[in-house]
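Novice: the following block contains a protein sequence and its predicted model.
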Amino acid sequence: MLRRFVVAELSMSPALQPGQEIDAEPASAPGRGVVLFFADPTQDDFWLVKRVVGLPGETVTIADGEVRLDGRPYDDPWTFDHTEPPGEWHVPPGHVFVLSDARGRSLADSRTFGPVPVAGAYQPVG
């Protein structure tokens, strides 16, 4: 079942801009770098769009402004911002760790609410 989303904020710029419409389908096993739409776990009737960085079974660490996956530096081609605040998260089965591309503009991602379930999420068609 396709669903159309409209980007509402700048947290994913420059890749996605406010007002941009994106058709999406239910996510099954989104890979690293995939954009994901999911229900905001902190606000009813609001959806977020973020990028998958950490996959099931991985440990995501943020330290010294950098993202590490299972202790190794992650070459993060989608952001120019330092990633703060520091922390460490284990990604359980059926979940992914998502981050904003414009990390200085939004903390409304896994840094705040942890890994998100893939069930119920959508990814762009194509």
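Specialist: Received, thanks.
Novice: so how far is His90 from Glu9?
Specialist: 28 Å (CB to CB, to the nearest Å). C-betas here are computed from N, CA, C, even on glycine.
Novice: assign Leu36 to helix, strand or coil.
Specialist: Secondary structure, DSSP: H, G, I helix; E, B strand; the rest coil: Leu36 is strand.
Novice: so who does the residue nearest to it when sequence neighbours are not counted touch?
Specialist: Once flanking residues are discounted, Leu36 sits nearest to Ala121: 5.1 Å by CB to CB, 6 or more residues apart in numbering. Neighbouring residues of Ala121 by CB atoms under 8 Å, 6 or more residues apart in numbering: 26-27, 30, 36-38.
Novice: of these, buried ones?
Specialist: Neighbour counting with 16 or more other CB atoms under 10 Å marks 27, 30, 36-38 as buried within the contacts of Ala121.
Novice: quick revisit: and the contacts of Ala121 as CSV, adding distance to Arg105 and pLDDT?
Specialist: Shown next, in CSV, are the contacts of Ala121 (distance: CB to CB, whole Å; pLDDT from 0 to 100):
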residue, distance to Arg105, pLDDT
Pro26, 28, 98
Ala27, 24, 97
Pro30, 23, 95
Leu36, 18, 98
Phe37, 18, 98
Phe38, 19, 97
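Novice: ok, so of the residues you listed, who is nearest Gly114?
Specialist: Closest approach between these and Gly114, by CB to CB: Phe38, at 12.5 Å.
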